[in-house]
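predicted structure and sequence below. I'll ask about it afterward.
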Amino acid sequence: MEHSEDFKEVLLKLYNYFNLEFGDVSVFERLVEELNDLSTNAEWNRVKDVLDDENDPLFLINRNFISAHHFILINNKEKFIKFLESWSNNTAKFLLRIVKTTKEYDFVVQQILNYEDFLFFEMRKNTLRKKIACEIYDLRGIDFFLIHYMQHMTSALEDEALWRSAELITEFLKEFNRFEEAYYVESEIQKRKEKLKEIKVDYANNDEPNKLTVIENRLKLLGERFWNEYLSAEVWKLLMQESQKDLIDSYVLEFFLRKSILNCWSQVVFTLCKILERELSFIIFSKWIELIKQADFIMPKNLSPKEQKEFQHREFTFKILKSCVVGKIHPPTLGQMIFVIKFWEDKLMNKCTTLFTDINHSIRNKSDFLEKLSKLNYWLEERHILEGERPTVIDLRNSSAHPGSEFEYSWDKHIEWLKDFLGKPPKEALKIIVSLKENLNDIA
């Protein structure tokens, strides 16, 4: 059987990843070995490169392409089953490593488990994968299995199959004699289904054929209206489309949380912080990638110990920026950007590199730009003091992104403050960021 050109073109990314000729059957063994390495020994930066690659070279998504290709190329059922078992085991281990390490790629894991049905069709097939599913549940809770992302957020409100996937967790827990936990999850799912019935009554007419989709769409419409008014139409229209989608998703998530359909408030905090991080990185990183690539840092000679320490702080910040443009380009984190802003207009930094002076030559109304950037930096380090908790925006971002920090803050108590930070006086961070974008409009 011959491959169509389209089919071959899709699969070539896998062969190119391993520098193999198309049709080399060792590609399947290499794929399994790579997933095993990524799940155990590989440096996290290499894992990030794979996860950040929109081409999906290892076919974490659309696994059916590799399945069909193996069956066509090898044409041996026994070998195919053996490959599928090994491939699925290592994929499950890889997903667990991601979930244990960070929440930044939860949307990828949720998409694989829930949209691609890896949970429903593969995780239930052997003890290893069931155990991994339970470990993911332990780390994230049942909310994790009630959402997936495929271009936009989809919840159990819209996709009833997600309830069936979540119910699998109770089966797995019982197999490991975790009966009390299983009964708790069953009870939680039932409670949330009852809450869902109440929402149907409030948000959809009886004669509407697909109430769940109607409700989801109405919530997204309400979310868009809310943020458009909250931030102002002028600010809303100048945000990146991805940020607009995330803001709408945060509104829908918050609705589910307040209605007790979901209970993981940290996800809303993380989403709002990522929007801020994305929009700010456009101003202080994305526009300057080529300049950063070309820039050098030359440490002055004959420094005193005190001077050397001061210059080392600046060298570290410079190296962070350089590392972001080597290989797979990725913006600095919100915490890293604080240091970049801090040294943006700095005499010592400018003695070692022309990067920031070169950037400033390209900015219209430089003094206004630097003043607003300095305000943002100050506010990002300002603490929200509430009932003994004192987080900065950076603290909220980092804690909401890292597993094990779920109980560090009372997340729901900081959400309103964070929303005010983004869109209400005196800060209006997104308004300031949008105005900073306007200083850069003429720059290629």
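Right, received. Where do you want to start? In this text, all values refer to a predicted model and were calculated from it rather than measured experimentally.

ok, now which ones touch the spatially most central residue of the chain?
Of all residues in the chain, the one closest to the mean position by CA atoms, centre = their mean is residue 104, 3.7 Å from it. Residue 104 sits next to residue 401 when contact means CB atoms under 8 Å, 6 or more residues apart in numbering. In this view, the C-beta of every residue, glycine as well, is placed from N, C-alpha and C.

do residue 80 as well
Residues in contact with residue 80 (CB under 8 Å, 6+ apart) are 67, 70-71, 74.

next SSE after the helix or strand it falls within?
Per DSSP states H and E, residue 80 falls inside helix 77-101. Going down the chain from helix 77-101, the next helix or strand is helix 106-110, by DSSP H and E.

low-scoring stretches of this protein, by residue?
Applying pLDDT under 70 to the chain flags residues 1-5, 148-159, 200-213, 441-444.

so the residue nearest to the centre of the chain versus residue 146, what's the distance?
The gap separating residue 104 from residue 146 is 20 Å, by CB to CB, to the nearest Å.

ramachandran angles for residue 407?
Per-residue torsions, residue 407: phi -110, psi 10 (degrees, to the nearest 10).

residues contacting the residue nearest to residue 266 when sequence neighbours are not counted?
If the residues on either side of it in the chain are set aside, residue 266 comes closest to residue 400, at 4.3 Å by CB to CB, 6 or more residues apart in numbering. When contacts are counted by CB under 8 Å, 6+ apart, residue 400 is found next to 103, 266-267, 269-270, 273, 411.

can we see that at 10 Å?
Contacts for residue 400 (CB atoms under 10 Å, 6 or more residues apart in numbering) come out as 103, 264-274, 391, 406, 408-409, 411, 414.

from the residues you listed, which land in strands?
Of the contacts of residue 400, none are assigned to strands by DSSP state E.

how about the strands in the stretch 201-350 of the chain?
Shown for the stretch 201-350 of the chain, no strands are assigned by DSSP state E, counting those that start in this stretch.

helices along that one, start to end?
Counting by DSSP state H, counting those that start in this stretch, residue ranges of the helices within the stretch 201-350 of the chain are 211-231, 233-238, 241-258, 266-284, 289-294, 305-323, 334-342, 347-352.

buried stuff in the first one?
Yep, that's helix 211-231 we're talking about. Across helix 211-231, burial judged by 16 or more other CB atoms under 10 Å covers 211-212, 214-216, 219-220, 223-224, 226-228, 230-231.

which helices and strands does that helix pack with?
Counting contacts by 3 or more CB pairs under 10 Å, 6 or more residues apart in numbering; DSSP states H and E, helix 211-231 packs against strand 153-155, helix 179-203, helix 233-238, helix 241-258, helix 411-423, helix 429-438.

let's see that with 7 Å instead.
Helix 211-231 sits against helix 179-203, helix 241-258, with contacts defined as 3 or more CB pairs under 7 Å, 6 or more residues apart in numbering; DSSP states H and E.

picking up where we left off before, would you show me how to pick out the buried ones of the contacts of residue 400 in ChimeraX?
Buried residues within these, by 16+ other CB under 10 Å, are selected in ChimeraX with:
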select :103,264,265,266,267,268,269,270,271,272,273,274,391,406,408,409,411,414
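
before we move on, back to that, just name the most buried of the helices of the stretch 201-350 of the chain.
When the helices of the stretch 201-350 of the chain are scored by mean count of other CB atoms under 10 Å, the highest mean neighbour count falls to helix 266-284 (a mean of 22).

for the residue of the chain most remote from its centre, what are phi and psi?
Centroid-distance maximum for the chain: residue 302 at 44.4 Å, with CA atoms, centre = their mean. The phi/psi pair for residue 302 (degrees, to the nearest 10) reads phi 60, psi 50.

contacts only, for residue 363.
369, 439-440 (CB atoms under 7 Å, 6 or more residues apart in numbering).

give me that answer again for 10 Å
Residue 363 sits in contact with 283, 287, 369-370, 373, 436, 439-440, 442-443, where contact means CB under 10 Å, 6+ apart.
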